[in-house]
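Participant: build me a model from this:
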Amino acid sequence: MARLLRSNDADPTNLSSKAGQQAAGLEGPAAEGAPGTGDGARKPAPGGARGAAASPGGAATQPALGLRGWLRWMWRQLTSMRVALMLLLLLAVAAVPGSFFPQEPQDPAAVDQYFTDHPDLAPWLERLGFFDVYASPWFAAVYLLLFTSLIGCIVPRIAVHWRALRSQPPRVPRTFRRFPVRGERVVPGAPADVERKVMAALRGRYRAVVTDDGITAERGYLRETGNLLFHLSLVSILLSLAAGQLFSYRGQAVVVEGQSFANSVVAYDSFDPGTFFDPGSLEPFTFTLEEFTSEFTVDAQARDFQAHVTVTEPGGETRRETIRVNHPMSAGGANVYLSGNGFAPRVTVRDGAGEVAFSGAVPFLPEDGVYTSRGVIKVPDVSAGQEQLGLTGAFLPTAVVAPDGSGAFSIHPQPNDPLMVLTLWAGDLGLDAGVPQNVYVLDTDGMRQVHEEAPDGSAGSAEDGQQPVTLYLRPGETVELPEGLGTVTFDSLPRFAALDLRYDPSLPWLLGSAVAAMLGLFGSLFVPRRRLWVRLTATDGGTAVSAAALARGDDPGLAADLDRVLSAAGAPVHNEPAGRSGAAAATTTAGASPAQEGH
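Facilitator: Numbers count the residues shown, from 1 in each chain. I've put the predicted structure just below:
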């Protein structure tokens, strides 16, 4: 960023920069009378157009900028290096709340829990957008300003670089004495022959031109090209991220073994489309979860999870796929990730009239490493005159029950000895009110907890000798409900897979932009930027060759490059004592001479 936003005075491709003229020896008598070199007096600009205007009393007054001047000043500030770096830092700071507070698009349940835990603070955070940071107006303002700053810097720089590519290298300086890396020698042969040798040595490495003053050569244009490519790639990454937010979708679905999923909005448990995404454009693919397998160590450490599915594409083609953690499946342009798993006991509930009121698999959500899972079974479709039922409790894959029957817990995540422990509620589930309910939460406002006669001296019994009904069921078992409410049967134990489906058409562009940014960064860091000049003068003993080289910044290979060119000119007849060879000059630091200033 800092390299891109430097002023043109620091650009070796800008031949009008003062530092470049000094380094190349282009400033001569025209510099005389400049501030600090003459009497120090500066003549006022005519009419005070570019400086302070003189008032009748002799005091200087600052001319008014006006609206256009203020706009120009604000634009220059926005596209300056200082402001761009501040915006980058501000963008990083603005993203911090997105990792500190739960985000509504990713985890709405966590946001609801935050409201429960912090009822006074949460409404204010919601008003300020902290539960959806990356879609908040203040976050958008920061990255839009950064985007504008990058564009304002890049476009003029591209024009400057394009002109530098089309123009010839800078002319040969009048003297090489100010260059710390220079060399002189006298070689046999005519100047024309030596010129051909030098041009052959430069060809392929430098862009060289023969002028009346000598040979001028330049290389390293890829350095600025890489710099521009890097910053253009940053803009492309921002655009790709924005397109991903606008035209993508993300949804979650829980699929039980033996069941199928069709890619439609109604099949998702949650669906979050982009601003411009049309849900009607969803690709109509389907897949069936044939089997879900898991592997654990003896001490309950997870080793592997695999969801084996059969995919049917819109054209009717079918294929077998295996979805694993960090190994998604691709279908209909979307990636299907495995985000969770658990058990979904298949239960049949008959009401007091003996009719089947509920039959199906109910996912129980794991809460710990041994898959102690919580779930709710809602039974609304009972016969006329019967109370609706609600069963809530835990599923234990490998259960251990306390000897006195006071509790149970799981010791391993695999279903070695599965047990379902439920409590019973009866009454009105509240589903007829038309208000959506969480399928994993039982609303007990209109219900009563069913009790039964407690054994003498049992723990948890009330003063009237009653205690809540607790049902213990293993696969294949059926238990009678008290008060003639019916029966519950634990039919089988399938597993479920929690899947995350994501469609983002910007991902190829994002990857390409990231790769281009890395290539541009490598070019801007490692491609040397060099200029080299050679002057040939005919002498009695052959041709006097004097050469000088200049690099942008520290360049350890500059002296060796100059020596290579001098060696290509021919073996020396004798070395000039006044000149320093490139190897000797290599020990001179860049700051030891004005020739390196601004480069």
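
Participant: Phe101 and Tyr114 touch, don't they?
Facilitator: Yes. Proximity of Phe101 to Tyr114 meets the contact threshold set by Cβ atoms under 8 Å, at 7.2 Å. Glycine gets a C-beta too; all of them are placed from N, C-alpha and C.

Participant: give the residues shared as contacts by those two.
Facilitator: By Cβ atoms under 8 Å, 6 or more residues apart in numbering, Phe101 and Tyr114 have these common neighbours: Phe131.

Participant: which helix in this protein has the most residues?
Facilitator: helix 137-166 (DSSP state H).

Participant: so what's the gap between the helix or strand following it and the chain middle?
Facilitator: Going down the chain from helix 137-166, the next helix or strand is strand 181-187, by DSSP states H and E. On the basis of Cα atoms, centre = their mean, to the nearest Å, strand 181-187 sits 52 Å off its chain's mean C-alpha point.

Participant: strand partners (parallel or antiparallel) of strand 181-187?
Facilitator: Using DSSP bridges, the strands paired with strand 181-187 are strand 542-551 (antiparallel), strand 574-575 (antiparallel).

Participant: which of those has the highest mean neighbour count?
Facilitator: Greatest average neighbour count among the strands paired with strand 181-187 goes to strand 542-551 (a mean of 24), per mean count of other Cβ atoms under 10 Å.

Participant: what mean pLDDT would you report for it?
Facilitator: Taken as a whole, strand 542-551 has an average pLDDT of 93.

Participant: tell me which helix or strand comes right after that strand.
Facilitator: Heading C-terminal from strand 542-551 (DSSP H and E), you reach helix 558-569.

Participant: got the angle for that next one vs strand 542-551?
Facilitator: If you take axes from the mean of the first three to the mean of the last three Cα atoms, to 10 degrees, helix 558-569 sits at 160 degrees to strand 542-551.

Participant: what packs against helix 558-569?
Facilitator: Counting by 3 or more Cβ pairs under 8 Å, 6 or more residues apart in numbering; DSSP states H and E, the packing neighbours recorded for helix 558-569 are strand 181-187, helix 191-202, strand 530-539, strand 542-551, helix 582-585.

Participant: tell me how far the nearest residue to Ala408 once chain neighbours are set aside lies from Gly315.
Facilitator: Leaving aside its chain neighbours, Ala408 sits nearest to Val401 (4.4 Å; criterion: Cβ to Cβ, 6 or more residues apart in numbering). From Val401 across to Gly315, the span is 53 Å (Cβ to Cβ, to the nearest Å).

Participant: between the two, which is the more surrounded one?
Facilitator: When Val401 and Gly315 are compared for neighbours, Val401 comes out ahead with 15 against 6, by other Cβ atoms under 10 Å.

Participant: check contacts around that one.
Facilitator: Val401 neighbours (Cβ under 8 Å, 6+ apart): 407-408, 419, 472.

Participant: and for Val311?
Facilitator: 285-287, 318-321, 329, 331.

Participant: now with 7 Å?
Facilitator: Contacts for Val311 were tallied using Cβ atoms under 7 Å, 6 or more residues apart in numbering; they are 285, 287, 318-319, 321, 331.

Participant: cool, and Gly360?
Facilitator: Neighbouring residues of Gly360 by Cβ under 7 Å, 6+ apart: Arg346.

Participant: do you know the pLDDT at it?
Facilitator: 94.

Participant: could you do Pro556 as well?
Facilitator: Pro556 carries a pLDDT score of 89 in this model.

Participant: likewise the one 5 residues further on?
Facilitator: Among the per-residue scores, Asp561 holds a pLDDT of 92.

Participant: show me the contacts for it.
Facilitator: The contact partners of Asp561, by Cβ under 7 Å, 6+ apart, come to 530, 549.

Participant: before we move on, the earlier item: closest to Gly427 among the contacts of Val311?
Facilitator: Closest approach between these and Gly427, by Cβ to Cβ: Phe287, at 38.9 Å.

Participant: what packs against the helix or strand encompassing the closest one?
Facilitator: For Phe287, the host element (DSSP H and E) is strand 286-296. If contacts are counted by 3 or more Cβ pairs under 7 Å, 6 or more residues apart in numbering; DSSP states H and E, strand 286-296 sits against strand 260-262, strand 302-312, strand 495-503.

Participant: which SSE is the residue nearest to Ala516 when sequence neighbours are not counted in?
Facilitator: The shortest distance from Ala516 to any non-neighbouring residue, by Cβ to Cβ, 6+ apart, is to Ser233 (4.3 Å). In the assignment (DSSP H and E), Ser233 maps to helix 221-247.

Participant: and that helix, what's its mean pLDDT?
Facilitator: 89.

Participant: could you look up the next helix or strand downstream of it?
Facilitator: Downstream of helix 221-247, the next assigned helix or strand under DSSP H and E is strand 249-256.

Participant: and the angle for that next one with strand 495-503?
Facilitator: Angle of strand 249-256 versus strand 495-503, following the same axes, to 10 degrees, is 170 degrees.

Participant: list the buried ones in strand 249-256?
Facilitator: The neighbour-count check on strand 249-256 (16 or more other Cβ atoms under 10 Å) flags 249-256 as buried.

Participant: what does stretch 165-184 give?
Facilitator: 169-173, 176, 178-184.

Participant: closest one to Val96 among the helices and strands packed on helix 558-569?
Facilitator: Closest to Val96 of these is strand 542-551 (Cβ to Cβ; 40.7 Å).

Participant: what's the closest one in contact with?
Facilitator: 23, 176, 179, 181-191, 194, 528-537, 558, 561-562, 565-566, 569, 573, 579, 582, 595, 599.

Participant: now the buried members of these.
Facilitator: Burial by neighbour count, 16+ other Cβ under 10 Å: within these this picks out 23, 176, 179, 181-187, 191, 194, 528-536, 558, 561-562, 565-566, 569, 579, 582, 595, 599.

Participant: I appreciate the help and will end here.
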